[in-house]
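Enquirer: Okay, sequence plus prediction incoming.
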Amino acid sequence: RSFKAIVDVLSIFLLFLMIFAIMGVQLFKGKLRYCNDFSVTREEDCVGYFYRPPAELYEPEVAVQRHWSNHAGYNFDDIFQALLTLFEVSTLEAWANIMYDAAAGDQLGVQPDPYLNIWVGVYFMLFIVVCTYFILNLVVAVVVVTYSKSESTNRHMVGRLTSVEVKWLKEVIKARPLVRTVPTHAWRRLCYRVASWRYFEWLVIGVIGLNIVDFSCHYYGMSQDMLNVFDVTNIVFVTLFGVECVVKVSAFGPRHYFSSNWDRFDFILVILGFVDVALQVAGGGTQATNPSDDANDANTVVAALKVFRLLRVARIVKIVNKGFGMRELILTFFHSLPSLWNVAVFLFMLHFSYAILGLNLYSDVKFGTYLTEDVNFRSFGNSLLVLFRITTGEDWNGLMHDCMRTEPPDCEPELGNCGSKLAPIYFVSFNAMAMVFLLNILVAVILENFDSLARGHDSLSLENFAHFLSAWARFDPEGSGAMPFEHVQELMSSVEKPLGFDAIFSESHRQLLLMRMDIPYNEGQLHFSQMFFGAVKRALKISHESNSYIRDVLLEHTTVVKEKERLRAWFAEHGIGYEPTVAELRNGADDPFTSGHYFAATQIQNRWRRMIKLRQRKGANGSLLFPDTAGHGDESHAHAHAHAHGHVHFQPPNGITIGEGDGEDEETAGDAGRGEAGGGGEAAIVPLAASDSSIPRQQFAHGDVVNKSKATLTRPDSLDELSTVEPRSRPS
């Protein structure tokens with residue numbers, strides 16, 4: 001999808017590469033040549049032989065033929081060599097050597113003089129800034145933007161969920177309610193108070209930090225006294241971690257403790273720590289380093305002690321579980337692995353193909369400066385290692401130049417150990433595909449997944465999950481996974497956003513949100529998985545998606561067969577994603593009763609009771625809806641008097657606003673100081689403009705009802721019609 005944009009960026013790169021190559025040919029052609037005998041100053045004197053000083057004292061002097069040639073194969077003698085040299089510079093591999101060689105050559109046919117023309121550095125630095133830092137990094141930007149658009153298209157146009165949404169929904173499926181039942185036994189109750197203490201986890205983090213400092217203080221050549229001190233500190237730390245394990249197991253019980261993967265990991269570390277201490281005591285403690293101790297490696301206890309000593313480093317991983325930020329980063333990375341795996345497989349296929357090509361093309365090339373016994377193409381394994389080294393950018397151009405040697409004394413054509421002048425095609429193409437393209441796709445995938453932590457609906461975090469679990473535990477301390485349904489408002493009000501409700505929401509607003517969430521009623525029981533699933537759907541802003549669709553998408557994103565079966569079992573067990581179809585409903589299937597039905601019925605019942613109560617409330621002065629004729633003498637005279645002055649005095653029903661509404665759902669009982677039964681509150685006053693044709697200028701008879709949305713008067717024919725009065729445009 002990003003091919004066209006990448007081609008455009010590479011076209012700009014090639015354009016600037018051509019511009020700088022032409023400038024390089026004009027500035028440096030022939031000036032990078034030098035004589036291998038540095039005592040010679042001019043090209044015409046670089047003839048004959050000279051004796052090269054020996055590298056070692058015992059080696060004899062060697063007669064070497066003088067020759068006038070370029071440095072290591074790179075030069076600006078023609079446009080093709082200039083393009084290849086500048087591409088090497090763009091990868092930042094040994095670019096400084098090329099710059100120094102170019103700065104040393106000032107005249108043709110003259111031995112280079114170091115730092116003769118320092119202004120040459122401006123040319124190379126300008127090229128690196130324009131072509132490497134700017135244009136090549138545009139490739140990264142193009143790939144990242146295209147990948148982001150692809151994710152957005154999958155979500156909004158094709159209808160698929162994003163990988164981040166799938167990640168959080170799978171975390172919901174893994175979640176289990178916490179057990180917060182206070183034990184009755186005195187010892188367990190004490191452990192529970194300690195484990196529930198707000199500073200307990202911080203103490204554990206402090207111990208882990210001190211253990212890291214202890215590991216960092218080890219060094220080679222420690223005295224026996226220092227080794228004994230570190231042995232004691234190791235016993236202390238193992239004991240402290242063991243105490244933490246005992247306290248948590250006693251407080252929460254083995255079933256709850258071992259249900260957590262992190263707690264199981266901590267328990268394994270504690271067991272390994274005690275084994276380490278036992279071996280340490282059995283082996284007589286850590287001994288100071290001695291060259292003669294190599295023979296002691298045959299001792300089983302000593303060898304096992306070295307292995308368990310290495311496992312001490314795993315305690316550092318415990319700190320990851322204590323910080324929500326680190327856990328989120330690691331979680332996001334693991335959820336990126338499916339996408340990274342696809343790119344990694346394609347990258348391996350590229351290495352595999354080029355390794356076979358390198359094995360056939362350069363297996364017989366004579367060793368040189370960079371092509372050695374350790375770095376070569378003489379076996380398939382070595383070829384893969386060389387290509388991986390090229391992927392990291394390490395000495396790839398030196399290997400290329402060694403494979404380009406075709407003339408003596410660098411190789412012997414009669415022996416067939418020469419390279420090829422076409423080697424740049426092999427190395428440059430692999431470098432471009434592996435480094436510039438595929439590795440940038442890996443960067444795009446990781447950036448997209450990590451960037452989602454700070455974007456819009458992805459403000460969801462593991463800390464929010466922990467808050468929800470803690471809030472649920474207050475209503476279900478036994479961790480049974482069920483609680484009375486009537487506590488759902490209190491639960492969601494105690495959970496922080498985005499999973500919970502804002503504190504400023506009115507009761508009617510909270511009920512409306514719960515109606516939209518459609519949580520199954522389950523005969524008066526609220527189930528943990530269903531509530532958590534609905535809350536996360538609302539936080540991710542995917543409440544419009546059906547549960548059956550989400551189930552199918554999660555199954556599609558799961559490749560492991562056992563994991564798919566576990567997902568199907570979870571959805572079936574909790575009744576999520578198995579809504580009856582329209583045809584099944586027509587055939588008599590039951591439509592599941594949900595929070596939408598529950599709170600709709602609750603609001604209807606509450607409004608009906610209000611109307612009945614208001615019907616029975618008579619006696620409010622000047623009531624338009626329910627006037628009290630007792631004690632008012634001439635009712636028609638009172639109405640005529642009010643009509644003549646352009647005002648109507650009335651007492652509105654409790655919780656109902658009469659007049660043009662704003663559509664908000666903040667209507668609550670007794671809002672704005674409206675009078676209660678027997679409270680004697682001040683009646684609301686609505687002016688009647690003479691020009692308002694929507695209100696007929698006639699006497700208001702007993703039982704007239706004002707419809708606020710249209711500002712007109714209607715008369716109910718029966719008591720049942722009172723329930724149709726719609727407060728502030730909110731549907732019941």
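Expert: Cool, got the structure. All values reported here derive from a predicted model rather than from experimental measurement.
Enquirer: For burial, what's the neighbour tally of residue 215?
Expert: Other residues near residue 215 number 16, with proximity taken as other CB atoms under 10 Å. All C-beta spots, glycine's among them, are computed from the backbone N, C-alpha and C.
Enquirer: Buried residues, stretch 230-239. List them.
Expert: Applying a neighbour-count criterion of 16 or more other CB atoms under 10 Å, one finds 230, 233-235, 237-238 buried in stretch 230-239.
Enquirer: Name the nearest residue to residue 490, ignoring sequence neighbours.
Expert: residue 475 (7.6 Å; CB to CB, 6 or more residues apart in numbering).
Enquirer: er, residue 171 actually
Expert: residue 465 (6.7 Å).
Enquirer: I'd like the distance between the one you found and residue 374.
Expert: Using CB to CB, to the nearest Å, residue 465 is found at 50 Å from residue 374.
Enquirer: Between these two, tell me which one has more neighbours.
Expert: For residue 465 and residue 374, the more surrounded residue by other CB under 10 Å is residue 465, and the numbers stand at 20 against 8.
Enquirer: Please identify the helix or strand for that one.
Expert: Using DSSP states H and E, residue 465 falls within helix 462-475.
Enquirer: now swap in residue 239 and tell me
Expert: Counting by DSSP H and E, residue 239 is part of helix 224-257.
Enquirer: helices or strands up against that helix?
Expert: Other helices and strands packing on helix 224-257, by 3 or more CB pairs under 8 Å, 6 or more residues apart in numbering; DSSP states H and E, are helix 186-196, helix 200-216, helix 261-282.
Enquirer: Redo those helices as TSV? Include mean pLDDT and distance to residue 338.
Expert: Below are the helices and strands packed on helix 224-257 laid out as TSV (pLDDT from 0 to 100; distance: least, CB to CB, whole Å):
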stretch	mean pLDDT	distance to residue 338
helix 186-196	88	36
helix 200-216	87	31
helix 261-282	85	20
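Enquirer: Please render these as a markdown table that adds distance to residue 367 to the earlier fields.
Expert: A markdown table is the format used below for the helices and strands packed on helix 224-257 (distance: least, CB to CB, whole Å):
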| stretch | distance to residue 367 |
| --- | --- |
| helix 186-196 | 65 |
| helix 200-216 | 42 |
| helix 261-282 | 47 |
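Enquirer: What residues of the helix holding residue 465 count as buried?
Expert: Neighbour-count burial for helix 462-475 [16+ other CB under 10 Å]: 462, 464-465, 467-469, 471-473, 475.
Enquirer: Residue 527 and residue 605, how far apart?
Expert: 24 Å.
Enquirer: More neighbours: which of the two?
Expert: residue 527 (22 against 11).
Enquirer: May I have the phi/psi pair for that one?
Expert: The phi/psi pair for residue 527 (degrees, to the nearest 10) reads phi -90, psi 140.
Enquirer: Any idea what it is bridged to?
Expert: Note on residue 527: beta-bridge partners by DSSP bridges are residue 482.
Enquirer: Check whether it really touches residue 482, as I assumed.
Expert: Yes - using CB atoms under 8 Å, residue 527 is in contact with residue 482, at 5.6 Å.
Enquirer: pLDDT weak spots in the stretch 501-650 of the chain?
Expert: For the stretch 501-650 of the chain, the stretches flagged by pLDDT under 70 are 544-545, 557, 559-560, 575, 577-591, 618-650.
Enquirer: go on, the stretch 101-250 of the chain?
Expert: For the stretch 101-250 of the chain (pLDDT under 70), the answer is 147-164.
Enquirer: if we go to 80?
Expert: Residue ranges of the stretch 101-250 of the chain with pLDDT under 80: 106, 115, 136-137, 139-141, 143-168, 171, 178-182, 198.
Enquirer: One more: the stretch 351-500 of the chain?
Expert: 409, 435-463, 478.
Enquirer: Could you say which one of the helices and strands packed on helix 224-257 comes nearest to residue 390?
Expert: Distance to residue 390, taken as CB to CB, is lowest for helix 200-216 among the helices and strands packed on helix 224-257, at 35.4 Å.
Enquirer: Mind giving me the packing neighbours of the closest one?
Expert: Counting by 3+ CB pairs under 8 Å, 6+ apart, helix 200-216 packs on helix 224-257.
Enquirer: Give me the buried positions along the helix it packs on.
Expert: 227, 230, 233-235, 237-238, 240-242, 244-245, 247-253, 256-257.
Enquirer: do stretch 476-486 as well
Expert: Within stretch 476-486, judged by 16+ other CB under 10 Å, the buried ones are 476, 479, 481-483, 485.
Enquirer: now stretch 543-555
Expert: 547, 550-551, 553-554.
Enquirer: do the same with stretch 84-96
Expert: 84-91, 93-95.
Enquirer: Pick the one among those residues closest to residue 207.
Expert: residue 93 (45.9 Å).
Enquirer: and the closest one, what is it in contact with?
Expert: By CB atoms under 8 Å, 6 or more residues apart in numbering, the residues touching residue 93 are 393-397.
Enquirer: quick one: which of those is most hemmed in?
Expert: That'd be residue 397 among these, by other CB under 10 Å, with 27 neighbours.
Enquirer: What residue, apart from its backbone neighbours, is nearest it spatially?
Expert: Nearest in space to residue 397, with sequence neighbours left out and distances taken as CB to CB, 6+ apart, is residue 88 at 4.4 Å.
Enquirer: That neighbour reaches residue 395, doesn't it?
Expert: No - applying CB under 8 Å as the test, residue 88 and residue 395 come out as separate, 11.0 Å apart.
Enquirer: For stretch 46-56, list the C-alpha coordinates in CSV.
Expert: The C-alpha atoms that make up stretch 46-56 are tabulated as CSV, following Å, rounded to 0.1, in the frame of the first residue of the first chain:
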residue,chain,number,x,y,z
CYS,A,46,55.4,5.9,-7.8
VAL,A,47,57.3,3.1,-9.8
GLY,A,48,59.5,0.2,-8.9
TYR,A,49,59.7,-1.6,-5.6
PHE,A,50,60.1,-0.6,-2.0
TYR,A,51,60.7,-2.5,1.2
ARG,A,52,57.8,-2.4,3.6
PRO,A,53,58.7,-2.4,7.3
PRO,A,54,57.8,-5.7,9.0
ALA,A,55,54.7,-5.9,11.2
GLU,A,56,56.6,-7.9,13.8
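Enquirer: Buried residues of that stretch, list them for me.
Expert: Buried residues in stretch 46-56, defined by neighbour count with 16+ other CB under 10 Å: 46, 50.
Enquirer: And the contacts of it?
Expert: The contact list for stretch 46-56, computed with CB under 8 Å, 6+ apart, reads 35-37, 39-40, 60-68.
Enquirer: For residue 200, state which of those residues is nearest.
Expert: For those, the nearest to residue 200 is residue 36 (72.4 Å; CB to CB).
Enquirer: wait, isn't that closest one in contact with residue 67?
Expert: Yes - under the criterion of CB under 8 Å, residue 36 makes contact with residue 67 at 5.9 Å.
Enquirer: Phi, psi for the spatially closest residue to residue 528 that is not a sequence neighbour please.
Expert: With sequence-adjacent residues excluded and distances taken as CB to CB, 6+ apart, residue 528 is closest to residue 481, at 4.2 Å. Residue 481 adopts backbone torsions of phi 90, psi 10, taken as degrees, to the nearest 10.
Enquirer: what sits against residue 481?
Expert: Counting by CB under 8 Å, 6+ apart, residue 481 has contacts 176-177, 527-529.
Enquirer: Also residue 531?
Expert: Applying CB under 8 Å, 6+ apart, the residues near residue 531 are 472, 488, 491, 519.
Enquirer: Skipping adjacent residues, who's closest to the last one in space?
Expert: Same thing as residue 519. Take residue 519 and drop its neighbours on the chain: the residue closest to it by CB to CB, 6+ apart is residue 595, 4.2 Å away.
Enquirer: For PyMOL, write the selection for the buried entries among the contacts of residue 481.
Expert: Typed into PyMOL, the line below selects the buried ones among these, using 16+ other CB under 10 Å:
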select buried, resi 177+527+528+529
